[in-house]
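Q: Model the following, please.
(2 chains)
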There are 2 protein chains.
Amino acid sequence: MLPAEDLVYVADSAYCPYGIRTPQEILERSIAMSEALFSMGVKLTVVACNTACSVALEELRTRFPLPIVGLEPAVKPAIGQTKSGKIAVIATPATVSGSRLKKLVQLHGGEVEVRLVAAPGWVDLVESGEIRGKAAREAVETLISPLLAEGVDTLVLGCTHYPFLRGVIDEITGSSVRVIDSGEAIARRTRDLLDWGAMRRNHGHKGALRILTTGDAAAMSDICSRLLGVQLKAEHLPV
Amino acid sequence: MLPAEDLVYVADSAYCPYGIRTPQEILERSIAMSEALFSMGVKLTVVACNTACSVALEELRTRFPLPIVGLEPAVKPAIGQTKSGKIAVIATPATVSGSRLKKLVQLHGGEVEVRLVAAPGWVDLVESGEIRGKAAREAVETLISPLLAEGVDTLVLGCTHYPFLRGVIDEITGSSVRVIDSGEAIARRTRDLLDWGAMRRNHGHKGALRILTTGDAAAMSDICSRLLGVQLKAEHLPV
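A: Model prediction:
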């Protein structure tokens, strides 16, 4: 959606997963990541993590004088699209047990039956680049098959890691099940804000991707290359 | 902070207070108010209500391609300023019983003792323009005196109506107690976003204030004139 924009991606790998950390730690790390990005002169940030958004979004907006795009699980679009009246939101254990997702379901659920399903191992699969093998297939199948048997026809991917498992998910669900994540909505919101401020770069420049990690750069390079299917080189961010 | 900007204020008086409404109603009304504002060509909106922010903020950001400033009770600044280690957040019953305020306290509270205090009648006092008389004084005193006796030295006004009671609050608390609301932080965030997009009007123009209400325009004119101390004329918004 924004092919001419340069993108800096920061992975706080040294503190992953956020789901096991205290709100204070998550806030502290979110501020540190944001400071690193702002010191590089970015014009807008996306907090591309449901857990970090739930904890830190408003505080970041108070601290940094730039637009900050947040996200939440795509419960509403899923509810608008189900035909069977049964949807499932697949998320990290922390998101499933938190109040934010429950409030979303209460707000938009109506007559639709919404299953909230924790997917404990999925982030690790993605973080290790294991998105196509037997382990991924088994983990996805174990979780999704019972949902399909119950008549769920729409799956919400409620964690920003999960879209990388989309290939395996689609294999198992087939074309009869809709799979929805927040990616397009976030990209659209980002584009809208850039357009509002006449800050969108839309000339011929081909946007570059820069990848930073607070963890091991070589490991991150491998994983990103595997996930995105092109050769990529990550840099270490000492924060 | 933004003296050259024209301001349109919409009061959803016909549905006030939001605290007694369902999340679905609050979302519906927030969308209706936002649509009215956007159809007038505003360049940015502030959702100046804690209850509406808690329910509708992210959904509004998905629907409208403009910056939308939200707010939350100023718990963090209060915690940074207390010397006695005891603060109180005064808010509507709905905000006090909701999870959003509790999460804020959990996030920022630390060693500080935070009292959450519901102020059932305060919104009505402001809505009726009774911000200086005996009723206001009694309502404020009843609520605040016990807090002062307990050693609370910082009060957070956790509802956007309460700053209008500031005169009476200051009389009762004296200069030893800090009183904090979200107004300045919201104004600053608004200014920052306008500056980011080079959308701030900062030449000699004197900003106009337009007041709309979904309720009775004559009553609203009276109340606004009383609250702001200048003669104002509200218009009816049939939404």
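Q: Flag every buried residue along the host helix or strand of residue A:194.
A: Following DSSP states H and E, one finds residue A:194 within helix A:183-196. Using 16 or more other C-beta atoms under 10 Å in any protein chain shown as the test for burial, helix A:183-196 gives A:185-186, A:189-194, A:196. C-beta: built from backbone N, CA, C; applies to glycine.
Q: for stretch A:141-151, same thing?
A: A:141, A:143-144, A:147-148.
Q: Check stretch A:198-206 too.
A: So stretch A:198-206, judged by 16+ other C-beta under 10 Å, has buried residues A:199-200.
Q: End to end on it, go ahead and measure it.
A: 18 Å (C-alpha to C-alpha, to the nearest Å).
Q: That one: how far from the chain's middle?
A: For stretch A:198-206, the gap between its own C-alpha mean and the chain's C-alpha mean amounts to 25 Å (C-alpha atoms, centre = their mean, to the nearest Å).
Q: can you list contacts of it?
A: Stretch A:198-206 is contacted by residues A:2-5, A:43-44, A:191, A:193-194, A:207, B:196-198 when judged by C-beta atoms under 8 Å, 6 or more residues apart in numbering or on different chains.
Q: Also stretch A:46-65?
A: A:17-19, A:23, A:26-27, A:29-31, A:34, A:38, A:45, A:68-73, A:91-92, A:94-95, A:98, A:100, A:158-160, A:186, A:190, B:70, B:72, B:76, B:103, B:107, B:185, B:189, B:192-193, B:195-196.
Q: Farthest-apart pair in the contacts of stretch A:198-206, please.
A: Pairwise distances across those (C-beta to C-beta) peak at 23.9 Å, for the pair A:3 and B:198.
Q: Check the separation of the first and last residues in stretch A:40-56.
A: When the termini of stretch A:40-56 are compared using C-alpha to C-alpha, they are 20 Å apart.
Q: Next, the buried residues of that stretch.
A: Buried-residue list, stretch A:40-56, by 16+ other C-beta under 10 Å: A:42-56.
Q: In strands only, show me those residues.
A: A:45-46 (DSSP state E).
Q: Closest one to chain B out of the buried residues of stretch A:40-56, please.
A: Nearest to chain B among the buried residues of stretch A:40-56 is residue A:55, at 6.5 Å by C-beta to the nearest C-beta.
Q: At the contact with chain B, which residues of chain A appear?
A: By C-beta under 8 Å from any C-beta of the partner chain, the residues of chain A that approach chain B are A:23-24, A:27, A:43, A:55, A:58-59, A:61-62, A:65-67, A:70, A:72, A:76, A:99, A:103, A:106-107, A:185, A:189, A:192-193, A:195-199.
Q: what residues are up against residue A:101?
A: Counting by C-beta under 8 Å, 6+ apart, residue A:101 touches A:73, A:75, A:89, A:91, A:95, A:116, A:158.
Q: so can I have a markdown table of the residues you listed showing neighbour count?
A: Output for those, formatted as a markdown table (neighbours: other C-beta atoms under 10 Å in any protein chain shown):
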| residue | neighbour count |
| --- | --- |
| A:73 | 24 |
| A:75 | 24 |
| A:89 | 25 |
| A:91 | 25 |
| A:95 | 23 |
| A:116 | 18 |
| A:158 | 29 |
